[in-house]
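Participant: sequence below, structure please.
(2 chains)
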Protein chains: 2
Amino acid sequence: MTTKIGFLLYPNMTQLDFTGPYEVLSRMPGAEVYLAAMSLDPIKADTGLRFLPDTLLEDCPLLDVLCVPGGPHVDDWFDNAEIIDFLKKQGQQAKYVTSVCTGSLILGAAGLLDGYRAATHWTSLEYLKPFGAIPDRARVVVDRNRITGGGVTAGIDFAFTVVAELQGEAVAKSIQLALEYNPAAPFKGGHPDAAEPAIVDAVLAAMDARLAKRRRNTEGFVSS
Amino acid sequence: MTTKIGFLLYPNMTQLDFTGPYEVLSRMPGAEVYLAAMSLDPIKADTGLRFLPDTLLEDCPLLDVLCVPGGPHVDDWFDNAEIIDFLKKQGQQAKYVTSVCTGSLILGAAGLLDGYRAATHWTSLEYLKPFGAIPDRARVVVDRNRITGGGVTAGIDFAFTVVAELQGEAVAKSIQLALEYNPAAPFKGGHPDAAEPAIVDAVLAAMDARLAKRRRNTEGFVSS
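Facilitator: Presented below is the predicted three-dimensional model:
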């Protein structure tokens, strides 16, 4: 059984939103992974890492699993016709429509989360609302055929959930053992509910300009 | 304060061994990250993902943190003079000599783990011994200035440990919150101590030929 899994890649994305689930999903028996982008030039992540897509959006086959990773500048793509058209076309027929981190906001801009519960990076939950989505603080949210993960590293937990949905728990557990996924964070506080207030404030302050821009881009959003 | 962090990249490596810690370490204030390889051509990971190095081994500046990711074919590099010479040169002066997953076996082949406790992927712990290293089943092992992580996903826990060593817990916690690193594995069994025996057996069976080759390559290892 073949499962066609496609990731949308775009400039300034957060590479771990993609590379975490990629490592898990590409090891699923029968997985055929497509890395789809607007051009075949190297994609440069927000942190500088450059990696290569392997198919143009227009050449990407119809997918069983569509996955949109996030990044600090997802707002730049809300009105990009090429990306939005790709997501609408794939999203209306894919078996699962998924995202990691703020990738859910791009799914939202494509009209694919209207009426669905969805996760995103903890700083952006409220920005799901203008798209008709219902923000959910869980690390991985499954609502009918929408599976969305929270911020960045949630993409790994998300991916094991997707594998289990597609092929069952035994396959997910085998990949988990092969990747030694027995996480042990050296510190607590990886979520605002558990973090020290001073650290929450520092992270929000560092993202202030970006979040103000996101507020403008989502509150003023008009579906194309 | 600038911290020069260099990853050794090579064909058939496991991309998440590198991209996990890269996401964490590249966000550390003052981090200057170097992706060093034998050529500047795209590196193709064992799963197929292609990404780009940015410096040749011979052009890489002296590093504060040297990091060697692993992969299923690390044995191919034990007697590669270019890689081993690079590691010896960097390793004798770096502030921290580090690895993720089976990257520790390449450090071992370069003579950099003799007398040190070290982690590696759970299937390869015994293969550390021919290099004089003392296998340690912990997820992250710190022995003097050697910091080594266990299999694949342990690289994320490893990286937060490195950040805390370099710049303290508050910086590590800020990055952890920004990356929402509050892991929640959907299933137990990401380590053989906790996995179902049938799943341990299946994972070992799938790696049988590769591990037999590793046994030959490590037991017969003669330092160059």
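Participant: ranges for the helices of chain A?
Facilitator: A:15-25, A:81-91, A:103-109, A:154-167, A:169-178, A:197-206, A:208-219 (DSSP state H).
Participant: export the ones you listed as CSV, with columns for mean neighbour count and distance to residue B:73.
Facilitator: Where you see a C-beta, it was placed from the backbone N, CA and C, and this is true even at glycine. Output for those, formatted as CSV (neighbours: other CB atoms under 10 Å in any protein chain shown; distance: least, CB to CB, whole Å):
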stretch, mean neighbour count, distance to residue B:73
helix A:15-25, 28, 16
helix A:81-91, 18, 34
helix A:103-109, 29, 32
helix A:154-167, 25, 23
helix A:169-178, 22, 15
helix A:197-206, 14, 39
helix A:208-219, 14, 40
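Participant: and these as JSON lines, adding distance to residue B:207 and mean pLDDT?
Facilitator: Formatted as JSON lines, these follow (distance: least, CB to CB, whole Å; pLDDT from 0 to 100):
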{"stretch": "helix A:15-25", "distance to residue B:207": "16", "mean pLDDT": "98"}
{"stretch": "helix A:81-91", "distance to residue B:207": "35", "mean pLDDT": "98"}
{"stretch": "helix A:103-109", "distance to residue B:207": "32", "mean pLDDT": "98"}
{"stretch": "helix A:154-167", "distance to residue B:207": "19", "mean pLDDT": "98"}
{"stretch": "helix A:169-178", "distance to residue B:207": "8", "mean pLDDT": "97"}
{"stretch": "helix A:197-206", "distance to residue B:207": "39", "mean pLDDT": "94"}
{"stretch": "helix A:208-219", "distance to residue B:207": "43", "mean pLDDT": "90"}
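Participant: closest to chain B out of these?
Facilitator: Ranking these by proximity to chain B (CB to the nearest CB) places helix A:15-25 first, at 3.9 Å.
Participant: other SSEs contacting that closest one?
Facilitator: strand A:3-8, strand A:31-37, strand A:65-68, strand A:96-100, helix A:154-167, helix B:15-25 (3 or more CB pairs under 8 Å, 6 or more residues apart in numbering or on different chains; DSSP states H and E).
Participant: C-alpha coordinates for the first one, PDB please?
Facilitator: Translated: strand A:3-8. Only the C-alpha atoms of strand A:3-8 are listed here, as PDB (Å, rounded to 0.1, in the frame of the first residue of the first chain):
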ATOM      1  CA  THR A   3       0.600   6.500   0.900                       C
ATOM      2  CA  LYS A   4       1.400   9.800  -0.900                       C
ATOM      3  CA  ILE A   5       2.500  12.400   1.700                       C
ATOM      4  CA  GLY A   6       3.200  15.900   0.600                       C
ATOM      5  CA  PHE A   7       4.800  18.800   2.500                       C
ATOM      6  CA  LEU A   8       4.400  22.400   1.300                       C
END
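Participant: same question for it, mean pLDDT?
Facilitator: Strand A:3-8 shows a mean pLDDT of 98.
Participant: so which residue of chain A lies furthest out from the middle?
Facilitator: Distance from the centre of chain A peaks at residue A:198, with 27.7 Å (CA atoms, centre = their mean).
Participant: you'd agree residue A:14 is up against residue A:101?
Facilitator: Yes. At 6.4 Å, residue A:14 counts as touching residue A:101 under the criterion of CB atoms under 8 Å.
Participant: if you count surrounding residues, which of those two has more?
Facilitator: Applying other CB atoms under 10 Å in any protein chain shown to residue A:14 and residue A:101 shows that residue A:101 carries more neighbours, namely 34 against 28.
Participant: need the helices and strands packed on helix A:15-25 in CSV with distance to residue B:9, can you?
Facilitator: Below are those laid out as CSV (distance: least, CB to CB, whole Å):
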stretch, distance to residue B:9
strand A:3-8, 21
strand A:31-37, 18
strand A:65-68, 25
strand A:96-100, 24
helix A:154-167, 21
helix B:15-25, 7
